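[1] Everything below, folded, please.
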Amino acid sequence: MRYRHGYFESMNVGKGMLAGLIAGAAGTYVMTKMQPHIKQWTDEMVGGCGSGGSGESELSGGGESSAPATEQVATAVAEPVVQRELSRAEREFGSNAVHYGFGTVMGGVYGVMAEVAPPITGLVGLPAGALLFAVADEAAVPAAGLSDPPSETPMKTHLHGLVSHLVYGATVEICRKILRPLV
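    Residues are numbered from 1 along each chain as shown. Modelled structure (predicted):
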């Protein structure tokens with residue numbers, strides 16, 4: 001879809017989505033690779049504040065099951081299809097598929113929003129990363145029963161999730177900005 005009226009003159013939602021999808025996959029990769037370093041930093045920053053929690057981010061688990069939410073989702077989708085319990089390797093593969101799938105799709109949404117509402121790209125994608133953290137980790141995942149409520153989650157887990165999503169948001173914006181003219 002292409003518009004020819006001033007502000008919308010250079011808008012192309014399809015190209016924005018494609019650039020965003022690629023950037024979302026890259027952002028998920030960078031976030032995943034950075035998480036051990038972020039966890040170490042947040043553990044040092046917050047120290048012994050709070051107890052429990054896995055320190056994982058992006059759809060982290062909690063509650064009755066200590067499995068990450070991504071693994072819980074993969075298991076809930078796959079086991080009825082294959083009609084058996086998944087092996088540890090299959091659960092890990094499924095967890096990664098859900099994690100990368102979600103991050104890629106969110107990048108696509110971001111790419112579309114960058115076309116429709118360019119101010120969202122401000123501050124190198126950091127506000128978008130923070131918003132994704134708030135909506136996914138702090139609201140949707142606990143509401144779905146895939147993690148403990150935020151009030152029962154240790155501060156270092158919140159901080160780890162926030163910093164991880166800031167890394168994701170910045171990576172997505174940087175990649176989207178590079179890719180958008182090329183697609």
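[2] Poorly predicted segments of the protein, please.
    Residue ranges of the chain with pLDDT under 70: 1-9, 48-65.
[3] Can you classify Asp148 as helix, strand or coil?
    coil (DSSP: H, G, I helix; E, B strand; the rest coil).
[4] Thought Pro142 was touching it, still the case?
    Yes. Using CB atoms under 8 Å, Asp148 is in contact with Pro142, at 6.7 Å. Where you see a C-beta, it was placed from the backbone N, CA and C, and this is true even at glycine.
[5] Test my guess that Val109 contacts Gly20.
    Yes. At 6.9 Å, Val109 counts as touching Gly20 under the criterion of CB under 8 Å.
[6] Neighbour count for those two, which is higher?
    Gly20 (30 against 16; other CB atoms under 10 Å).
[7] Quick one: neighbours of Lys33, just the number.
    Around Lys33 there are 10 residues (other CB under 10 Å).
[8] Secondary structure element for it, which one?
    Element membership for Lys33 (DSSP states H and E) is helix 13-46.
[9] which strands and helices sit next to that helix?
    helix 88-116, helix 155-179 (3 or more CB pairs under 8 Å, 6 or more residues apart in numbering; DSSP states H and E).
[10] How far away from the center of its chain is the last one?
    This means helix 155-179. Here helix 155-179 is found 8 Å from its chain centre; the criterion is CA atoms, centre = their mean, to the nearest Å.
[11] between it and helix 13-46, how big is the angle?
    If you take axes from the mean of the first three to the mean of the last three CA atoms, to 10 degrees, helix 155-179 sits at 150 degrees to helix 13-46.
[12] Quick check: which helices or strands does helix 155-179 pack against?
    helix 13-46, helix 88-116, helix 126-132.
[13] Pull out the buried positions in it.
    Within helix 155-179, the residues that count as buried by 16 or more other CB atoms under 10 Å are 156-176, 179.
[14] Ok, the longest one next?
    Of the residues in helix 88-116, 90-91, 94-95, 98-104, 106-115 count as buried by neighbour count, 16+ other CB under 10 Å.
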